[in-house]
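**Student:** just the structure for this:
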Amino acid sequence: MTCPICGRPADPRYRPFCSRRCADVDLGRWLTGGYAVPTDEAPPDGGPASDREPPAQRRDGR
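**Tutor:** Sure, this is the predicted structure:
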């Protein structure tokens, strides 16, 4: 098995990563939104959505 971050062989202590550094890089990507799990759910009100109109272009005056 190779490290999903850098491709080096995985270390059993940090599996599936090769080191603490690569494990921390992966955690940082999750915490900052670098990874996203796809879903069919609609975003909550006020959340970003690609199918919504930008506020300046809304037809209802809001």
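
**Student:** show me where pLDDT drops low in the chain?
**Tutor:** In the prediction, the chain carries residues with pLDDT under 70 at positions 46-62.

**Student:** would you quantify the distance from the residue nearest the centre of it to Arg29?
**Tutor:** Centroid-nearest residue in the chain, with Cα atoms, centre = their mean: Tyr35, separated by 1.9 Å. From Tyr35 across to Arg29, the span is 5 Å (Cβ to Cβ, to the nearest Å). Any C-beta I mention is one placed from the backbone N, CA and C, and that applies to glycine too.

**Student:** same question for Asp40.
**Tutor:** The gap separating Asp40 from Arg29 is 23 Å, by Cβ to Cβ.

**Student:** more crowded one of these two?
**Tutor:** Arg29 (12 against 4; other Cβ atoms under 10 Å).

**Student:** how about the host helix or strand of that one: buried residues?
**Tutor:** Secondary structure from DSSP states H and E places Arg29 in helix 20-31. For helix 20-31, the buried set under the neighbour-count rule, 16 or more other Cβ atoms under 10 Å, comprises 22-23, 25-26.

**Student:** ok, stretch 3-12 next?
**Tutor:** 3, 5, 10.

**Student:** Cys18: which of these is nearest?
**Tutor:** Taking Cβ to Cβ as the measure, Cys18 lies nearest Cys3 of the buried residues of stretch 3-12, at 3.9 Å.
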